[in-house]
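J.: Below are the sequence and a predicted model for it; my questions follow.
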Amino acid sequence: MSNPVPSGRPTPPTPPGGEPRPKPPAPAAAPPAPATRPTVSVPLSRPAPVKPVGTVSARPGPAGTSSPRPPNPPPAKQPPASPAPTPRPGGMPPIEELRKRPIGRILVKMGKVSREQVVEALAFQKSKGGALGRILVDLGYIKDIDLNTALAAQRGEELVNLEGVKIPDEAIKAVPAQIATTNKVLPIEFDPATKRLTVVMASSENFRALDDLRQLMGYTVTAKIGDPEQIERLIARNYTAAAESMGEILSELNSDAALKDLEHRGESIDLETIKNAADSSPVKKLINLVLLQAIKDKASDIHFEPFEEEFKMRYRIDGVLYEMMPPPKHIAPAISSRIKVMANLDIAEHRLPQDGRIELNVNNQPVDLRVSVLPTMFGESVVMRVLDRSNVSLDLDKIGMRDDDMGVFRQLINKPNGIVIVTGPTGSGKTTTLYSALRELNDPSVKIITAEDPVEYDIDGIIQCQIREDIELTFARVLRSMLRQDPDIILVGEIRDKETAEIAVQASLTGHLVFSTLHTNDAPSAIARIVDLGLEPFLVTATLEGVLAQRLVRKICPNCKTPYTPSEEQLMELELRPEDVVGRNFFYGKGCENCNNTGYRGRMGIYEIMLLDDDMRDKIINHASTQVLRAEAKQRGMRSLRECGLLAIYDGLTTIEEVVRETIMEEE
């Protein structure tokens with residue numbers, strides 16, 4: 001930070017990276033001019049402002065006189081002082097002139113960059129993307145402190161100086177350690193009566209984290225921008241533990257007065273009691289800890305389940321459910337009500353199912369939570385589907401498909417028209433595969449429209465429509481309207497009925513490429529499913545180009561991967577004999593800290609692609625069985641899910657148990 005401007009007439013600023021600008025020569029024999037600011041031909045930044053005429057520092061005396069400032073009264077007792085703004089750099093214009101200006105213009109006016117450097121950064125931004133301020137930092141033209149000062153000025157504020165600031169205990173207690181450390185948010189003031197919280201953040205790019213504080217904690221939040229190093233240092237100093245343990249929170253739950261009121265009431269709990277319990281600090285802390293831990297562990301679902309004698313909390317990680325330390329059963333209504341509040345659901349409704357959505361921001365990444373509330377015999381079961389976009393790569397080359405299968409699939413999705421179906425059970429990765437295909441096909445010369453229930457990920461350049469059956473906005477109705485929108489490619493989230501199937505066929509016959517999904521055990525079974533919906537076989541053969549079936553299997557943890565020799569019983573599960581696997585290597589994960597002692601970390605896809613040629617179409621028209629279609633497809637080179645899984649075992653990527661678990665049903 002540069003030094004404050006000394007008193008007296010300001011001098012023109014020094015251009016960044018250059019020599020001091022010479023003073024313009026005085027005109028010859030010019031008469032004395034009034035004391036005004038000198039004119040500079042092309043200044044890169046504005047000089048420090050001169051105090052307006054008439055503004056004085058001392059208290060004015062009687063008219064016509066000037067009296068000295070009276071002695072200061074004794075200081076009154078004040079609350080902890082707010083952090084002082086960082087002194088304004090010399091040559092920096094008034095904050096009012098910078099508010100709401102583009103960040104590049106602000107940095108030029110601050111004298112930190114030249115216009116040429118901003119133009120260079122804008123060209124880089126146009127080709128590579130990213131925030132302009134961050135690009136200027138990466139190019140080495142400015143420092144982080146310069147960017148934060150400019151971002152604060154853009155909001156009409158000055159950068160907060162946290163040096164020597166003492167933070168009140170109530171402010172630290174107001175924000176859980178998990179939220180402070182994860183989002184780099186430092187609380188500096190908190191009023192428990194009004195629930196007004198003031199925080200300092202490292203960047204305005206993370207201001208979506210404020211929504212988390214408002215939603216998770218119910219505060220009115222004011223945010224300021226500060227130096228990232230000061231913020232991290234004060235977070236580390238004030239939050240001695242990285243996060244509160246589940247045991248500490250459960251101890252708070254047992255001692256909370258509002259929650260004790262629920263313990264002996266049974267079903268006769270009034271709405272006001274539930275509201276008070278849901279608003280209690282331990283309940284908020286518990287839900288925050290559960291959500292943040294689930295996102296950290298890359299869980300796909302979070303379950304809150306009431307039973308007759310207990311209340312369970314479980315995560316689904318890599319397709320398998322794991323139990324957490326259970327909270328007391330009597331707080332179940334408070335937990336479900338708190339989640340309803342966060343998802344904008346009706347907390348007074350306990351008889352009907354409800355669906356909602358919560359949007360969070362963790363580590364500057366958006367996370368969507370799809371909430372489902374289901375009334376049961378012993379209370380409300382709540383399941384939250386975690387859609388963490390930072391964990392999903394919509395890159396077709398990264399979905400785990402083998403090279404030969406990928407070549408076939410790429411030919412399939414690049415057809416000019418026809419129907420391509422992806423099939424598999426819920427949670428088998430169908431949406432990720434279709435999104436990856438659409439992202440590869442996405443181009444300014446192509447119009448893509450989707451109808452989904454729900455829209456899971458936003459993709460730039462693609463028009464996405466949300467199905468809402470409660471207002472009769474069904475797949476069939478949206479699909480019919482889509483055809484009037486002049487699309488090239490259409491995605492229908494699922495073909496559920498005959499009407500949707502018929503419109504998809506009509507779209508294909510009129511020159512559109514249509515993607516959709518079904519729920520079947522394998523690729524050949526998709527034909528029987530479509531015919532069962534009421535579609536004529538000749539329409540199926542005229543439009544269907546191919547079917548992709550898929551499953552997800554857990555991958556062996558690379559950190560604890562260990563070779564072993566499988567038993568004869570294990571090989572028999574794959575219909576193999578010891579002589580069939582001579583020279584093959586088999587692996588398993590023995591368990592470590594990286595995989596929570598499960599032996600697995602992450603998942604991969606196994607795939608089965610069935611293409612339709614003329615012979616296959618003849619068999620479909622003649623009502624061939626699924627077994628006949630499967631045999632014909634294998635003769636034409638289709639690799640089954642079981643065979644694809646076996647290759648993954650031989651590659652040392654997964655285990656026999658995983659492939660048997662995911663593919664045994666399709667072989668029966």
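T.: On my side now, so go ahead. Residues are numbered from 1 along each chain as shown.

J.: per the record, what domains does the protein have?
T.: 84-154, 162-238, 246-391, 396-550+605-641 (automatic domain parsing).

J.: I'd like those laid out as TSV, including mean neighbour count.
T.: All C-beta atoms are positioned from the backbone trio N, CA, C, and that covers glycine. Shown next, in TSV, are the domains of the chain (neighbours: other CB atoms under 10 Å):
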stretch	mean neighbour count
domain 84-154	18
domain 162-238	18
domain 246-391	17
domain 396-550+605-641	18
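
J.: Could you save the ones you listed as CSV and add columns showing distance to residue 591 and mean pLDDT?
T.: Output for the domains of the chain, formatted as CSV (distance: least, CB to CB, whole Å; pLDDT from 0 to 100):
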stretch, distance to residue 591, mean pLDDT
domain 84-154, 40, 80
domain 162-238, 26, 80
domain 246-391, 13, 81
domain 396-550+605-641, 23, 93
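
J.: Adding distance to residue 585, write those domains out as CSV.
T.: Converted to CSV, the domains of the chain look like this (distance: least, CB to CB, whole Å):
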stretch, distance to residue 585
domain 84-154, 42
domain 162-238, 40
domain 246-391, 23
domain 396-550+605-641, 18
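
J.: so which of the ones you listed gets nearest residue 592?
T.: Across the domains of the chain, residue 592 has its closest neighbour in domain 246-391 (14.8 Å, CB to CB).

J.: How much space separates residue 472 from residue 478?
T.: Applying CB to CB, to the nearest Å, the value for residue 472 to residue 478 is 11 Å.

J.: Parallel or antiparallel, which strands does the helix or strand harbouring residue 223 pair with?
T.: Using DSSP states H and E, the element containing residue 223 is strand 220-225. Strand 220-225 has these partner strands in its sheet, going by DSSP bridges: strand 196-201 (parallel).

J.: send the alpha carbons of the strand it pairs with over as CSV?
T.: Output in CSV follows, covering the C-alpha atoms of strand 196-201 (Å, rounded to 0.1, in the frame of the first residue of the first chain):
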residue,chain,number,x,y,z
ARG,A,196,-27.4,-8.9,12.5
LEU,A,197,-24.0,-10.3,11.5
THR,A,198,-21.1,-8.4,9.9
VAL,A,199,-18.5,-10.5,8.2
VAL,A,200,-15.3,-9.8,6.3
MET,A,201,-14.6,-11.9,3.1
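
J.: Please state the offset of it from the chain centre?
T.: 23 Å (CA atoms, centre = their mean, to the nearest Å).

J.: just stretch 226-236 next, same as before
T.: Per CA atoms, centre = their mean, the centroid offset for stretch 226-236 relative to its chain is 24 Å.

J.: Please apply the same query to stretch 469-488.
T.: Chain-centre distance of stretch 469-488: 28 Å, with CA atoms, centre = their mean.

J.: nearest to residue 661, of the domains of the chain?
T.: Of these, the one closest to residue 661 (CB to CB) turns out to be domain 246-391, at 9.1 Å.

J.: Secondary structure class of residue 286, three-state.
T.: With DSSP: H, G, I helix; E, B strand; the rest coil as the basis, residue 286 sits in helix.

J.: ok, back up a step: out of the domains of the chain, which is closest to residue 565?
T.: Closest among the domains of the chain, using CB to CB: domain 396-550+605-641, at 23.3 Å.

J.: give me the element the residue most central in space within the chain is part of.
T.: Centroid-nearest residue in the chain, with CA atoms, centre = their mean: residue 366, separated by 2.6 Å. Applying DSSP H and E as the criterion places residue 366 in strand 365-376.

J.: next helix or strand past that strand?
T.: Counting by DSSP H and E, what follows strand 365-376 is strand 379-388.

J.: related to what we said a few turns ago, please verify my assumption that the residue nearest to the centre of the chain contacts residue 392.
T.: No - judged on CB atoms under 8 Å, residue 366 makes no contact with residue 392 at a distance of 11.6 Å.

J.: follow-up on the earlier one: next one: the residue nearest to the centre of the chain relative to residue 445, how far apart?
T.: From residue 366 across to residue 445, the span is 29 Å (CB to CB).

J.: and if you look at residue 626?
T.: Distance from residue 626 to residue 445, counting by CB to CB: 39 Å.

J.: still on that earlier bit, direction included, what does the strand holding residue 366 pair against?
T.: Strand 365-376 has these strand partners (DSSP bridges): strand 354-362 (antiparallel), strand 379-388 (antiparallel).

J.: Now do the first one: distance to the chain's middle.
T.: For strand 354-362, the distance from its own C-alpha centre to the chain's C-alpha centre is 11 Å (CA atoms, centre = their mean).

J.: Equivalent analysis for the last one, please.
T.: Counting by CA atoms, centre = their mean, strand 379-388 is centred 16 Å from the centre of its parent chain.

J.: which other residues reach it?
T.: 291, 294-295, 298-306, 311, 332-333, 335-336, 339, 350, 358, 362, 365, 367-375, 456-457 (CB atoms under 8 Å, 6 or more residues apart in numbering).

J.: Go again with 6 Å.
T.: Strand 379-388 has contacts (CB atoms under 6 Å, 6 or more residues apart in numbering) with 294-295, 299-306, 332, 336, 339, 367-374, 456.

J.: One more: the shortest one?
T.: Surrounding strand 354-362, the residues in contact under the criterion CB under 6 Å, 6+ apart are 182, 208-209, 212, 295, 342-345, 367-373.

J.: quick one: the nearest residue to residue 196 once chain neighbours are set aside from residue 201, how far?
T.: Nearest residue to residue 196, sequence neighbours excluded (CB to CB, 6 or more residues apart in numbering): residue 220, at 4.9 Å. According to CB to CB, residue 220 and residue 201 sit 16 Å apart.

J.: What of residue 143?
T.: With distances taken as CB to CB, residue 143 is found 18 Å from residue 201.

J.: Quick check: next helix or strand after the helix or strand harbouring residue 436?
T.: If you go by DSSP H and E, residue 436 is part of helix 430-441. Reading on from helix 430-441 to the C-terminus, the next helix or strand found by DSSP H and E is strand 448-452.

J.: got the contact list for that following strand?
T.: Contacts of strand 448-452 (CB under 6 Å, 6+ apart): 438, 462-465, 475, 478-479, 482, 485, 487, 489-493.

J.: Now residue 475: closest residue in space that isn't a chain neighbour?
T.: Distance criterion CB to CB, 6+ apart; nearest residue to residue 475, sequence neighbours excluded, is residue 500 at 4.6 Å.

J.: for residue 323, that is, sorry about that
T.: Using CB to CB, 6+ apart and skipping residues adjacent in sequence, the residue nearest residue 323 is residue 314, 5.2 Å away.

J.: where does that neighbour land in three-state SS?
T.: strand.

J.: what sits against it?
T.: Contact analysis of residue 314 by CB under 6 Å, 6+ apart lists 303, 321, 323.

J.: mind listing the helices in the stretch 151-300 of the chain by residue range?
T.: 169-174, 177-183, 209-212, 228-238, 246-255, 257-263, 271-278, 281-296 (DSSP state H, counting those that start in this stretch).

J.: And stretch 650-658, what's buried?
T.: By neighbour count on 16 or more other CB atoms under 10 Å, the buried set for stretch 650-658 is 652-658.

J.: what's the closest of the residues you listed to residue 410?
T.: residue 653 (21.9 Å).

J.: nearest spatial neighbour of the closest one, skipping sequence neighbours?
T.: Closest to residue 653 by CB to CB, 6+ apart is residue 555, at 5.7 Å.

J.: wait, is that neighbour part of a strand?
T.: Yes - the assignment for residue 555 (three-state DSSP) places it in a strand.

J.: wait, what's in contact with it?
T.: By CB under 6 Å, 6+ apart, the contact list for residue 555 reads 602, 604, 653-654.

J.: From these, which one has the minimum pLDDT?
T.: The member of these with the lowest pLDDT is residue 602, at 90.

J.: Checking it next. Helix, strand or coil?
T.: Look at residue 602: counting by three-state DSSP, its state is strand.

J.: what's around it, how many residues?
T.: Residue 602 has 17 neighbours, counted by other CB atoms under 10 Å.
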